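Pasting the sequence and the predicted model now:
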Amino acid sequence: MPIIKPVRGKEPQIPEDCFVAENATIVGEVTMGTECSVWFNAVIRGDVHFIKMGNKVNVQDGAVIHATYQKSPTTIGNNVSIGHNAIVHGCTIHDNVLVGMGSIIMDDCIIESNTIIAAGAVVTKNTHVKSGSIYAGVPAKKVKDISPELTSGEVDRIANNYVKYASWFKE
């Protein structure tokens, strides 16, 4: 059974069509959209500020989503994939974004739509990633523009696959 609990009077809001793995943790002021999935050992901690997720967001195994106390909430748009062991902290991620495995997005960053944050990238505090970019490295920098083929071939494909994968656990 997943750990889903209120903190300071704020309780996670999770639609019935979402999948939450039995060892995931979701606490505090967390609001999820429809068709979301939170995978094994993922932690979404809305204890110090709110976390708002759009529709069709997948938080893959071991990922952590948190915020900064009274300063930086975390807002995630629609059709977003948060890769295995990624850390998303006190930032804004718009729609159609792929956050690669093991990457870190720090406080007060803005990740615009149709963007890929490469595996292992570290997006440092206050970075503004423009729409249509691929960012990689430590610290993360723009490495190229994203093509429409890559958007549909990776960003959309992964988000759609995770809706499918979640359905396997509901059978």
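Perfect, thanks for sending it.

Next secondary structure after the helix or strand where Lys52 lies?
If you go by DSSP states H and E, Lys52 is part of strand 43-53. The helix or strand immediately downstream of strand 43-53 is strand 58-59, counting by DSSP H and E.

List of residues touching stretch 119-139?
Stretch 119-139 is contacted from outside by 83, 91, 94, 100-118, 140-146, 150, using Cβ atoms under 8 Å, 6 or more residues apart in numbering. Where C-beta positions appear, they are placed from N, C-alpha and C, glycine not excepted.

who touches the strand holding Lys52?
7-8, 10, 12, 24-33, 36, 38, 59, 63-76, 80, 90.

just the helices in the chain please.
148-150, 157-168 (DSSP state H).

Compare those and say which comes out lowest on pLDDT.
When these are ranked by mean pLDDT, helix 148-150 comes last with a mean of 84.

re earlier: among the contacts of stretch 119-139, name the buried ones.
For these, a neighbour count by 16 or more other Cβ atoms under 10 Å gives the buried set as 83, 91, 94, 100-118, 140, 146, 150.

which residues are contacting the helix or strand of the chain with the lowest mean pLDDT?
None of the helices or strands of the chain scores lower by mean pLDDT, DSSP states H and E than helix 148-150, at a mean of 84. Residues from elsewhere that reach helix 148-150 (Cβ under 8 Å, 6+ apart): 116, 134.

Kindly report the same for stretch 154-165.
By Cβ under 8 Å, 6+ apart, stretch 154-165 touches 35, 37, 56-58, 60, 79-81, 96-98, 114, 116.

quick one: buried residues of that stretch?
Those buried within stretch 154-165 under the rule 16+ other Cβ under 10 Å are 155-156, 158-160, 162-163.

Ignoring the adjacent residues along the chain, who's closest to Lys125?
Met106 (4.6 Å; Cβ to Cβ, 6 or more residues apart in numbering).

List the residues that contact that neighbour.
Contacts of Met106 (Cβ under 8 Å, 6+ apart): 89-91, 122-125, 127.

Check Lys10 too.
28-29, 46, 50.

and with 6 Å instead?
28-29 (Cβ atoms under 6 Å, 6 or more residues apart in numbering).
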